[in-house]
Each structure stands twice: as structure tokens, then as C-alpha cells.
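> Here's my sequence, what's the structure:
(2 chains)
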Amino acid sequence: MPASEPGGAPAASAELRAGRRTHPLTGVVQGGLWAGAAVVGLGASFLQGDRWEGVPWWVAVLAVVGGGLVVGELAGLVSWWFTRFVVDDEELRIDSGVLTRRSRRAAFERIQSVDVAEPLLARVVGLAEVRVDLAGGDESRLVVRFLPLAEAREVRRLLLRRAHGAQGDGTEDALPDHDGGELITRVPPERTLLGALLSLDLLAAVAALVAILLAALGFGAPLVVLGGVLPALSWAAQVVARRVVAEWGFVLWRTPHGLRIERGLLSLTAQTIPYARVQGVAVVEPVLWRRLGWCRLEVDVAGRAGSDDGDLDTTLLPIADRALAAALVAELVQDGGPDDEPVTVRASRRSWPFAPVGWRFRSLSLGRRRASSTTGWLHRRTSHAPHAKVQSFALRQGPLQRLRDLATVELHTPDGPVDVDVHHVDAARAREVVLHAVDAARDERAQTVVGASAPAGGVLGGGVDGTGELP
Amino acid sequence: MDASLFRPVSEPWTPVSPALATRRRLVLAAPLAVLGVVAATAAALGPAAGVPRGWVVLLVAAAVVLLGAAAGLWWWAERNRRSWGWAESEDDLLVTSGVMFRRLVVVPYGRVQFVDVEAGPVERRLGITRVTLHTASTETAAQVPGVPADEARRLRDRLTDLGRTHDAGV
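Okay, the predicted model is just below:
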């Protein structure tokens, strides 16, 4: 496939304008997924005792599997036949539905990001889906599934170019012609495994296991062991498996457009995080990782909240060492330079009844350009948000806090893993800090607006903010 | 601890309409009071009508609880109403509220994405509305109940205008 159409306004092909079906195998793949669900459903009812009298078990199994496959595949093919997607001058549109037609639209100016993903079953037959994230709204994601991989990339490029055109920032040159970029880091598989094994979730599962074993031994009831151990084991296995499968082969690239992530063992996901849309970064250090000097990086990205992958979608880097983490944080959320003297406030000693150990680890610090908070004793989390992007501020006090003359300071960022808050600081100091944060944010916003003539890249952040020239 | 911690810095302070207390009394306290009176009446007439003693005791207890709750809400409505207020500074909107759980929320105008003005049937009768500011963060809890209707309209227009001129993008 040609990488781009040099010069000239990008035009959707006539075929795309008129609307077209996705790849014919879509029906088969989608049908396969539904068939799987149907088989599971039928199988469950079969196992629960809806036995057919007088029918040998293998006939029943064959019937269930065969029936599920036929029904699923038929449904998949029919739904594929009636689904079309259109890229015209204003929007991306997906029309679907057999009896009730359904039309989902994405106006180009609402497009926040476009990513290509390869779910397992589709990947087997060489297909991929295009995920389009939109700004705001309840249904903020459109998925075109499935297209051949090369074609999916082509559609992605077209949509991105259109989105830029629609947002009128004239930065078509800044669009990536290729999906690579400069390699920042590659997380080795053994690290992913070890990291998952040392994560706090797994520790909790192991602790539960030990507790159950001890209890069972104490009561001398071996059956209890089986009943408790199996769920605990399967939970532990799921925790590890989920992380490892999703974060396998994690690669982070720096492109002119933003940071680019590729990950996945079975399903491949690639996503780009435009610099301008980063609202905050959090560094997470579980207790066992600290020994190894590891941490995880999570980001708040505007418009990314509430997608189906949950926390995996907000992971910037599952395992990093401290130096790399610090460099990335500094790149995404600028600090105030070496002569910056942050205003720091810590949780008051009086707050010990609320958190007997944890109060020592709570603090908030307001630098010239960013606000940072630290919390957590076992699971340490340091959150950074640029002043210019804080949405609102709050000072709170409950009745118990009032008894001890404490208050909570919150800086609100868009939904995501980053929370720049500090609980239980001295009340008068808390008020000072909130007002200081409001002032700092006002100054920073003024700077941003002045500097915005070199555009912050519209919503897509076309890499024109100088980040493209980083070494 | 005095409430001055949660006051705005220097701006004039706009309290919400007293009708907010009326609305809450109508919607929350009044139904409870009516139920309480019904229970009390039933308890009073019960022995004559041959209702078993246990039921009468229960009815009395219910009446006491309901009337007590109604009285509590009646008192709370005015006390809580007085704690609400907002102020418009040069760059931010400040909202304060709460007696037990106090808060001061500061929303920069440039961060306001849209403003909702809502009013239910009772509120419409009383001429008040609820004004809610939405930013890109759902944590932003900037709702002001009990804003007089014309004031709400003015506030909405002003916030929308200010949001446009102060707009800093997300």
C-alpha cells in the first residue's frame, strides 16, 4: 500500500464515499466470536442438567457445538452484509442493522485519536480493526471491523489527515507517514512476567491462599481447602495472565505525533498518545518493585476514559526503571527548571488516626509549572499534572477532619488514573495551598494561550509543539 | 472552627435563594410529616377500633420517627441553604457549601465546557433553578442549587461568554 498521497488535499476514494463493506472474512470472524458465546451458553445449560433423554452425550455435544457454530456464523454473515462504512467530506459513518438500521457518525473535528488493533481471532486471518476515539459523548468510540491490516492502516492515515484538515491547523506535514518512530524502550518478556509475579494483586491472592491453608489446617477440614484454594488460585492465575497477555512485547516509540505504544501477546494493540492530550502522569511503585528500582507509568489522556480495556488503556509503560520514568515524566509534564522552589505541604501529624502509617507518605507540591502529589505506603503513587490543564480545585472538610483541624485539597484532572490530591493537611495551610494552586494555574493558562499561536495542535496535537525535535 | 476557611478571597458573596429551603421542605419534610400525622392519627383511633396493642405501639413509634425526621429536615433545610453561595472572581467561579461536610470549589472560567440550568416542577413554581458547571473532569462537583431563574440565565450566559474568551483548550 502506498504510504501517503504527497501534496494535495487528501480525498477519500469514491468507493469510501459511497460506503463499502468491510472484509468478507469479517462475518466469519465476528460469527466465530458469537459462535463461541453461543457454545458456552448452550454448553452451560447442558451441563446444568438440561440433558436430552435417550441421546448419547457425544451427540449432544456435537449438536451444541455444531448448532452454535451455524447460528453464530449465520448471524455474523448477515450482520456483515448489512454493515457499511462511509468516509465522506464531513464524517466517518457506520451504518448497520438488519431490521432497525443504526447509523453511528463521527464528525472529523470530534476525532481524538485513531488506532489500529488486531484482536486474536482477526489476527489469525490477517485482519485488523480501526478504533476511533471521539471527544465527549456517551458512545465515544467507533470501531470499523475488520479490514486487512494494510488497509486498516490506510484508513487510519486517511482519518487522521481528515481530522487535522477539519481542525484547520494546517499541519498535514506533521502526520506520520510510517508507524515507527524513534524507539524509546522495549519491555523484555521476562520483565513483564516477573513484574506481574511481584505485583500487589498477586501478593494479595497468595496471602489469601496462605490464610485459607492455615485456617483449613487449624480446623482440620481438608474439603474447605479445596473450596477456598481453587478460586484463590484461579484468581491469581487470572491476575498474572491478564497482565502478561496484554503487556507482552510492550514497545514505546517516540513519533512526531506523540508517544506510540504497541503491545499484546494474542491481540495486538497499537495506540498513539498525542503530547497535547496528556493531562497528567502517575508513577506507581508497588512495594516489591521498589527493591528492583522499577515503576509503572500511567497517563490521563483527554477523551480516553471509559473505554473497554480499563486500566490497560491508560498504561504508558508497564515497567520502567527510575531514570527512564523520570525522563518520560519530564517530557510529558514539564517541571519548572532547576531554580524552581515548589511549595510543599504534607499531611499533618494530627491525621494519624485516619491513616496510622500512611499519613507520613502523603504530600502535595506545587512547582512553577506542575503540581505533584505522593500517596501510599505499600503502593506508592506519585501523580503529576501540569497547572495549565487542571480542570478545577476543591477544598473539603468533613466533621471528623474538623475535629482535628484538617482539610483535603483536590486538583481535578480529567478522568483517569492520575489524582493530584492530598488528604488531611492542616486546614489553614490547605486553604493557602488551594489558592496558590488556583493562581499558579491562572498564570500557566495565560502563558499557554499566549504561546498557543504555535498551536498546541488542536485536539490531536500534531507534534508542532517542538516535541518532534527532541533528540 | 470558623467557616471563613471556605469563603472566597475578596469577592462579593452571592447567597442562594431562600426558596431552596422551601423547596426541600416541600419535597423532603412535608411527605414525611404527612405520613407521620397519618400514623399518629391511626395510633390515636386504633384502641377504639380494636387494633391489637402491639400494632398501636408500632404506629406510635413510626409516628415519632417520621415526625422527628420531618422536623430534622425542616431545620436542616434552612441551615444547609444558608451555607450555599457562589462568587464570580475575575478568572474563576467559586462555589461553597455544606455545614457538616464543607467545601470550596474553584472552577476557572476557561475550563467550563458547558453549563446546565435545570428546574423541576416544584422549583419552577418557586422560581429557582439548579446550575451545574461541567468541565472535562467529572470530579468537578460544581452544582449550585437554588439560583433564582433570571440570575441563573445571566450566570449561564456570562459563564458561556467567559468560557469562550478564557478558553485554554483541554
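> count of neighbours near residue 149?
With no chain named, the answer covers chain A. Look at A:L149: counted by other CB atoms under 10 Å in any protein chain shown, it has 17 neighbours. For the C-beta atoms, the positions are set from N, CA and C on the backbone; glycine is no exception.
> ah, no, chain B please
Burial of B:A149 is recorded as 16 neighbouring residues (other CB under 10 Å).
> Any buried residues in the helix or strand hosting A:L435, and which?
For A:L435, the host element (DSSP states H and E) is helix A:427-451. Within helix A:427-451, the residues scored as buried using 16 or more other CB atoms under 10 Å in any protein chain shown are A:427, A:429-431, A:433-435, A:437-438, A:440-442, A:444-445, A:448-449.
> Let's verify the residue nearest the centre of chain B: helix, strand, or coil?
With distances taken as CA atoms, centre = their mean, B:P145 lies nearest the centre of chain B, 5.2 Å away. Following DSSP: H, G, I helix; E, B strand; the rest coil, B:P145 is assigned to strand.
> can you pull the pLDDT of the closest residue to it other than its chain neighbours?
Closest residue to B:P145 in three dimensions, ignoring its sequence neighbours and counting by CB to CB, 6 or more residues apart in numbering or on different chains: B:R130, at 4.8 Å. We have a pLDDT of 91 for B:R130.
> what's the answer for A:S113, then?
pLDDT at A:S113 comes out at 78.
> hey, what's the closest residue to it other than its chain neighbours bridged with?
Excluding its sequence neighbours, the residue lying closest to A:S113 (CB to CB, 6+ apart) is A:D133, at 4.8 Å. Applying DSSP bridges to A:D133 gives these bridge partners: A:S113, A:R141.
> returning to that earlier point: keep only the buried residues of helix A:427-451 that also lie close to chain B.
Filtering those for proximity to chain B by CB under 8 Å from any CB of the partner chain leaves A:A427, A:A430, A:R431, A:V434, A:L435, A:V438, A:A441, A:R442, A:R445, A:T448, A:V449.
> and of the residues you listed, the nearest to A:P342?
Each of these was scored against A:P342 by CB to CB, and A:A441 proved nearest at 14.5 Å.
> Run through the residues that contact that closest one.
Counting by CB atoms under 8 Å, 6 or more residues apart in numbering or on different chains, A:A441 touches A:H387, A:A388, A:V390, A:F393, B:P108.
> ok, back up a step: am I right that the residue nearest to A:S113 is in contact with A:I111?
Yes. Contact criterion CB atoms under 8 Å: A:D133 and A:I111 qualify, at 7.4 Å.
> Chain B: strands as residue ranges?
Remark: strands assigned in chain B by DSSP state E are B:14-15, B:85-88, B:92-97, B:102-108, B:114-118, B:128-134, B:142-148.
> Which neighbouring elements make contact with the shortest one?
When you say that, I think you mean strand B:14-15. Strand B:14-15 sits against strand B:85-88, with contacts defined as 3 or more CB pairs under 8 Å, 6 or more residues apart in numbering or on different chains; DSSP states H and E.
> which residues touch the strand it packs on?
For strand B:85-88, the surrounding residues in contact (CB under 8 Å, 6+ apart) are B:8, B:11-16, B:93-97, B:144, B:155, B:158.
> could you flag which of those residues are buried?
For the contacts of strand B:85-88, a burial check counting by 16+ other CB under 10 Å picks out B:P8, B:T14, B:V16, B:L93, B:L94, B:V95, B:T96, B:S97, B:V144, B:L155.
> Which of the residues in stretch A:95-107 are classified as buried?
Across stretch A:95-107, burial judged by 16+ other CB under 10 Å covers A:R104, A:A106.
> so how far does that stretch reach from one end to the other?
This stretch, stretch A:95-107, spans 14 Å end to end (CA to CA, to the nearest Å).
> Alright, I will stop here.
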